[in-house]
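> Test case, fold it:
(one chain, ligands or ions: 1)
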Amino acid sequence: MTVTPTGTHISGVLHERRRFEPPEQFAARARLHAEQLAALHERARQDYLGFWRELAVSQLNWHKPFSITLDEREAPNYRWFCDGELNVSHECLDVQIIAGRGEKAAIRFEAETGEVRRISYRELYLQVCQLANALKSLGVRAGDRVVIYLPLVPEAIVAMQACARIGAIHSVVFGGFSALALRERIADAGACLVITADGGRRAGQIVQLKAAVDSALAERCESVRNVIVLRHAGNPIPMQADRDLWWQPLCEAQSPRCEPQWVPAEHPLFLLHTSGSTGRPKGIQHSSAGYLLNVKLTCQWVFDLREEDVFWCTADVGWVTGHSYVCYGPLANGATIVMYEGAPTYPDGGRFWKICQDHGVTILYTAPTAIRALMRLGDEIPARYDLSSLRLLGSVGEPINPEAWMWYHRVIGGGRCPIVDTWWQTETGAIMISPVPGVTATKPGSCTLPLPGVFADILDEAGEPVRRPEAGGYLVITKPWPSLARTIWGDNERYLNTYWRRFDGRCYLAGDGAYRDQDGYFWIVGRIDDVLNVSGHRLGTMEIESALVAHVRVAEAAVVGRPHEIKGEGILAFVVCRGARPGDADVDAIAQELRDWVAAQLSPIARPDEIRFADALPKTRSGKIMRRLLRAIGRNEPLTQDVSTLENPGIVAQLRGERAAGTP
Ligand code: WTA
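All right, here's what the predicted structure looks like:
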């Protein structure tokens, strides 16, 4: 399949003919049957607002009922249920305890060391109330921003829920991000407080989280008054007396009750920074009620979530998947979740499967990159574990290649578990296109069909719907939905430009290329902007380029993606050095230095797989770097572009002929 920046040549070349009907046993017990699903679709088509109104009334516990379903006055800045009031943490905790789930496990946590903790809904409630009171005692008020920089431990959920409880807006920063990336996010959010830990654990090592916070706060973060530090990994760290407080003594001193702060439906629940096609990350802003409605419903529709399920979404809370399907969706449904802090292959490739076995996981939701990595280790490892508790498998983050899908189905699911390949984004808040497991026949590699209330389409350059099967175009959503991101924090213009203006404000532009097959099934082919999808993480090429150019040796850099067996997309950087191009003697050392530099500046995820040095980058006469050309070079594809328009046509040979450097 090919995707070009302009989207004109998106077309499906992947011809996958296998089709799997929902397993009978599963379908018989499923929450949604064909007739119910059809009725939901029909209701949404007939009366779109009535459809969402009824669901918002029946699914959410309103402190003050709403009368306005959708406010379109400032479209495309849509507002849902805006005169109603509720509290998201109340939905996830109080409502569950009132429903009799006080002693039920909310979280089953396993540390990398093997330590297991079971936390009931009542215990979680208590911890959330105490931290919420602690935040209040430090002067945090509704609407203030709190940055959470924690490992994947239950306290990350406690921190998010505590913010929600008092109406503070959380911004979780993935613990794998560097101090610089953290600083940028703290500054952008204007946070008044940071919640972190001494360290996190990953593959037997300690990740120095507090040290990163200290270094982030050294500049441009004047808004931060306090840092709450969880004692977790036990590594020694300095505490700054007037600023830093240990979590444990701080919380133990607090009252175990904290009345939820009732907030308007549109009150921002969180910001989450994500990569865009320009250098600066975007603070995607989500609402309270609309967001919660979609994440709660999709747990029921897509994951068939039930009282007795043990739900394991392997995503880190630093990504949207961890927000929607670790922290908020499952808890709003009173489910038991599994959390694991650590590497999937530590101490060996059986860890994931051992966790499924030991915790009796019934629903497993993970990413294609993890599936591919574990698949490579062979069938014998999962065969050592009892995976019979599994009943449903999910995939998210990037297109899953049919081979990985088949392995997941056959080896992990034992052929009996439906697979839900779920398409969505940070900006959509919740799953948009996905099979409904008891109803939809699946095809390996396709996310199948939009959920009820989701109106997806594929448009061509001119904004006309693409009707011809297998012909590709821009994936769009033509009606607003409740969990749509409301804006980009502090930059509504950028929100409008990025998502709405391409097609005159008529529909939401997802930024993905896609096509439909003859059955109307959606197939996502990848991003149409300069955003890479490395191991399911969105990384802006510009961000990586900026990091490279910040190195003293680098004059210019261009970053492109190319297929990578495990990571989905790998990173190739073309670099022009200041002064002379490195000679054979030191090219590898410099490449290594630059790769490590990017990892330290941004995140190890962003570390380029290969660095190629050149005397110049290929540019158009107007000075624009020809990324399509670089992409083709990176993939060893024949060049179809007209290079005669280049300012420096000779450079192409050098870029292609260059010996690969920096590949370990
Ligand atoms: C990609 C993650 C194909 C897509 C929830 C999207 C997918 C981006 C799928 C969002 C899928 C996510 N099939 N591609 N099932 N799921 N993507 O914001 O390119 O981290 O635009 O949200 O991941 O990534 P984000």
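> From here on, just use CA atoms for contacts and neighbour counts.
Will do.
> how near is the nearest residue to Ala197 once chain neighbours are set aside to Val396?
Setting aside the residues directly before and after it, Ala197 is nearest to Leu230 in space (Cα to Cα, 6 or more residues apart in numbering), at 4.2 Å. According to Cα to Cα, to the nearest Å, Leu230 and Val396 sit 30 Å apart.
> can you give me phi and psi for the residue in the stretch 551-664 of the chain positioned nearest to the ligand?
When scored by Cα to the nearest ligand atom, the stretch 551-664 of the chain has Gly568 as its residue closest to the ligand, at 10.6 Å. Dihedral pair for Gly568: phi 80, psi -60, per degrees, to the nearest 10.
> How about the one 5 residues further on?
Note on Ala573: backbone dihedrals following degrees, to the nearest 10 are phi -110, psi 130.
> That one: neighbour count?
26 (other Cα atoms under 10 Å).
> Kindly provide the distance from Gly334 to Leu269.
From Gly334 to Leu269 the distance is 20 Å (Cα to Cα).
> so which residue of the stretch 201-350 of the chain comes closest to the ligand?
At 5.4 Å from the ligand, Thr321 is the closest residue in the stretch 201-350 of the chain, using Cα to the nearest ligand atom.
> Work out the gap between the helix or strand containing that residue and the centre of the chain.
Taking DSSP states H and E as the definition, Thr321 sits inside helix 320-322. For helix 320-322, the separation from the chain centroid amounts to 5 Å (computed by Cα atoms, centre = their mean, to the nearest Å).
> circling back: how would you label the nearest residue in space to the residue of the stretch 201-350 of the chain closest to the ligand that is not next to it in sequence: helix, strand or coil?
Nearest residue to Thr321, sequence neighbours excluded (Cα to Cα, 6+ apart): Ala315, at 6.0 Å. Taking DSSP: H, G, I helix; E, B strand; the rest coil as the rule, one finds Ala315 in the coil state.
> Run through the residues that contact Ala315.
Remark: with contacts taken as Cα atoms under 8 Å, 6 or more residues apart in numbering, Ala315 is in contact with Thr321, Gly322, Val326, Thr366.
> Verify the contact between Tyr408 and Ile371 for me.
Yes. Between Tyr408 and Ile371 a contact is recorded at 7.0 Å, counting by Cα atoms under 8 Å.
> and the gap between Pro22 and Leu496?
When Cα to Cα is the yardstick, Pro22 and Leu496 sit 40 Å from each other.
> hmm, I was thinking of Trp80
18 Å.
> ditto for Val153
According to Cα to Cα, Val153 stands 36 Å off from Leu496.
> Please apply the same query to Val224.
Using Cα to Cα, Val224 is found at 30 Å from Leu496.
> With Gly334 instead?
With distances taken as Cα to Cα, Gly334 is found 36 Å from Leu496.
> ok, the two, which is more surrounded?
Neighbour totals were compared for Gly334 and Leu496, and Gly334 leads with 27 against 19 (other Cα under 10 Å).
> Give me the pLDDT for that one.
Looking at Gly334, its pLDDT is 98.
> what's the distance between it and Gly167?
21 Å.
> can you list contacts of the worst-scoring helix or strand of the chain on mean pLDDT?
The helix or strand of the chain with the poorest confidence is helix 651-657; it has a mean of 82 (mean pLDDT, DSSP states H and E). Applying Cα under 8 Å, 6+ apart, the contact partners of helix 651-657 are Arg612, Phe613, Ala614, Asp615, Ala616, Leu617, Pro618, Ile633.
> Filter the residues you listed down to just the ones in strands.
Within the contacts of helix 651-657, residues falling in strands by DSSP state E are Arg612, Phe613, Ala614.
> Compare those and tell me which is most surrounded.
Among these, the one with the most neighbours (other Cα under 10 Å) is Phe613, at 26 neighbours.
> Neighbours of the residue lying closest to it once chain neighbours are set aside, how many?
Distance criterion Cα to Cα, 6+ apart; nearest residue to Phe613, sequence neighbours excluded, is Val575 at 4.9 Å. When neighbours are counted by other Cα under 10 Å, Val575 registers 26.
> Val575 reaches Ile611, doesn't it?
Yes. Contact criterion Cα under 8 Å: Val575 and Ile611 qualify, at 6.8 Å.
> Which pLDDT does the model give the residue of the stretch 201-350 of the chain closest to the ligand?
Value listed for Thr321 in the pLDDT field: 98.
> mind checking how far it is from Arg372?
As judged by Cα to Cα, Thr321 and Arg372 stand 19 Å apart.
> Okay, now the unreliable bits of the protein?
1-16, 277-279, 622, 644-645, 657-664 (pLDDT under 70).
> for the ligand, what are the nearby residues on it?
320-321, 396-399, 421-426, 447, 512, 524, 526-527, 537-538 (Cα under 6 Å from any ligand atom).
> ok, which stretches of the stretch 401-550 of the chain are strands?
Assigned by DSSP state E, counting those that start in this stretch, the strands in the stretch 401-550 of the chain fall at 419-421, 456-459, 472-477, 487-488, 508-516, 522-527, 531-534, 537-540.
> okay, those strands in TSV with mean neighbour count next?
Output for these, formatted as TSV (neighbours: other Cα atoms under 10 Å):
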stretch	mean neighbour count
strand 419-421	30
strand 456-459	22
strand 472-477	26
strand 487-488	24
strand 508-516	23
strand 522-527	24
strand 531-534	23
strand 537-540	22
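> and the nearest residue to Gly463 once chain neighbours are set aside, how many neighbours does it have?
Sequence neighbours aside, Phe503 is the residue nearest to Gly463 in space, at 6.2 Å (criterion: Cα to Cα, 6+ apart). Phe503: 16 surrounding residues under other Cα under 10 Å.
> Please report the distance of Phe503 from Phe455.
Phe503 is 15 Å from Phe455, where distance means Cα to Cα.
> got it, and Pro260?
As judged by Cα to Cα, Pro260 and Phe455 stand 35 Å apart.
> And for Val436?
16 Å.
> try Gln240
As judged by Cα to Cα, Gln240 and Phe455 stand 52 Å apart.
> of those two, who's got more company?
Phe455 (19 against 11).
> And for Asp83, nearest residue in space, chain neighbours not counted?
The shortest distance from Asp83 to any residue other than its chain neighbours is 5.0 Å, reached at Phe66 (Cα to Cα, 6+ apart).
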